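Visitor: any chance you can model this:
(one chain, ligands or ions: 2)
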Amino acid sequence: MNMSQSKEEILIEALPYIQKYEGKTFVVKYGGAAQTETELKHRFAKDVTILKKIGINIVIVHGGGKEITDTAYKLGIETQFVNGHRFTDKKMVDVVQMVLAGKINKEIVNLINQNDGESVGISGVDNNLLTAEKYFEDGQDIGLVGHIVDVNIPFLQMFLTNRLMPVIAPFGVGTDGTIYNVNADLAAAAVASALKAEKLVYLSDVEGVIANKQLVSTLTEQHARELFGEGIINGGMIPKVKSAFSTLHAGVKKVHMIDGRKKHSLLLEIFTDEGIGTELVL
Ligand SMILES: Nc1ncnc2c1ncn2[C@@H]1O[C@H](COP(=O)(O)OP(=O)(O)OP(=O)(O)O)[C@@H](O)[C@H]1O
Ligand SMILES: [Mg+2]
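Guide: Ligands and ions are numbered 1, 2, ... in the order given. The predicted model follows:
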């Protein structure tokens, strides 16, 4: 799309994508970093509702990193990150659940439903949606942090079959009932892989993957290895890029990272020829 296009040209450009994606499943990772302004949150709710209305199955997995950190701070709990993963003790896991499932999840669901998007909020604990095991980051014990070993796909399909949009708060449950904090990128990737989704889109507060101050429009796995080696991909981008490649290996067709601060970036990525942000390819 460019600014000189008329409204009908824009619609015509979108038509083949609408036809191609009808009945397909997209997983959208809605990063906490992209949930800042009220106006942006409303636009996101509209965008996912439009996608659903044209017949795409949408599954949302949301983050909430900034709000978890802020609430923990107010409660006098210190936040520490290890390679983009939050160190999580018992107190922190309570904050994670409270903020993600109690507040952010309901806020997103409410906004989508105000647009008639028919969404339902669930967490990884509900009907054992996300089974997790303790996760070690580079061999380090980072507390009650989990990685997902199983996704209850029939449970998710039940929502999709009934034309409901699941909105998932990413924490997982161990077989012994332990609740684990799961990085939202890893959760989104596990859900997309298990669903064999057509597309996984990460919305964050950056244009995409940046290297030497420039947006990388297409990132190969080999290039990503180099950027990791040089420390150019760091912090919150580490679990994003690693999980993105794991989903491509699991058979998800397309993985994109886009700027959630940009107006209607999700629609632009899906319905226009140029695409935006970073596409990850093997
Ligand atoms: N090479 C890179 N390119 C782009 N961003 C990078 C890079 N390396 C590190 N980052 C950081 O990754 C951040 C995005 O990850 P972050 O975990 O903060 O957000 P999120 O995943 O969208 O939110 P949440 O974790 O709450 O779901 C960016 O704001 C940026 O600071
Ligand atoms: Mg993150």
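
Visitor: every contact and neighbour count from this point should use C-alpha atoms.
Guide: Will do.

Visitor: Gly177: neighbouring residues, count only.
Guide: Counted by other Cα atoms under 10 Å, the residues lying close to Gly177 total 12.

Visitor: that one: what secondary structure?
Guide: Secondary structure state of Gly177, per DSSP: H, G, I helix; E, B strand; the rest coil, is coil.

Visitor: and the stretch 101-250 of the chain, which residues reach ligand 1?
Guide: Applying Cα under 6 Å from any ligand atom, one finds that the stretch 101-250 of the chain approaches ligand 1 through 184, 204-206, 208-211, 232-237.

Visitor: if we go to 5 Å?
Guide: Residues of the stretch 101-250 of the chain lying close to ligand 1 (Cα under 5 Å from any ligand atom) are 204, 209-210, 232-237.

Visitor: dihedrals phi and psi, Glu269?
Guide: In this entry, Glu269 is assigned phi and psi values of phi -60, psi -40 (degrees, to the nearest 10).

Visitor: for it, which residues are in contact?
Guide: Glu269 makes contact with 258, 275-277, according to Cα atoms under 8 Å, 6 or more residues apart in numbering.

Visitor: ok, now with 10 Å
Guide: Contacts of Glu269 were listed using Cα atoms under 10 Å, 6 or more residues apart in numbering, and they are 201, 256-259, 275-277.

Visitor: list buried residues within the residues of the stretch 101-250 of the chain next to ligand 1.
Guide: Among those, the ones that count as buried by 16 or more other Cα atoms under 10 Å are 204, 209-210, 232-233, 236-237.

Visitor: among the residues you listed, which are in helices?
Guide: If you go by DSSP state H, these have Met237 in helices.

Visitor: so for stretch 30-39, what gets flagged as buried?
Guide: Neighbour counts over stretch 30-39 (16+ other Cα under 10 Å) mark 30-35 as buried.

Visitor: right, I mislabeled it, should have said stretch 109-121
Guide: 109-113, 115, 117-121.

Visitor: same question, stretch 167-177
Guide: Of the residues in stretch 167-177, those buried under the neighbour-count criterion (16+ other Cα under 10 Å) are 167-174.

Visitor: burial check on the residue nearest to Lys196 when sequence neighbours are not counted, number of neighbours?
Guide: Residue nearest to Lys196 in three dimensions, not counting chain neighbours: Val252, with 5.5 Å by Cα to Cα, 6 or more residues apart in numbering. By the measure other Cα under 10 Å, the count of residues near Val252 is 22.

Visitor: quick one: Val252 and Leu280, what's the gap?
Guide: Val252 sits 11 Å away from Leu280, taking Cα to Cα, to the nearest Å as the criterion.

Visitor: state the pair within the buried residues of stretch 109-121 that is farthest apart.
Guide: Put simply, by Cα to Cα the two of the buried residues of stretch 109-121 set farthest apart are Asn115 and Gly121, 15.3 Å from each other.

Visitor: what is the end-to-end distance of stretch 271-282?
Guide: Its first and final residues considered, stretch 271-282 spans 23 Å by Cα to Cα.

Visitor: can you tell me the average pLDDT over it?
Guide: With pLDDT averaged residue by residue, stretch 271-282 scores 89.

Visitor: quick one: mean pLDDT over stretch 149-165.
Guide: Average pLDDT, stretch 149-165: 98.

Visitor: report the buried residues of it.
Guide: So, applying 16+ other Cα under 10 Å, buried residues of stretch 149-165: 150-152, 156, 159-160, 163-165.

Visitor: please consider this matter closed, and thank you.
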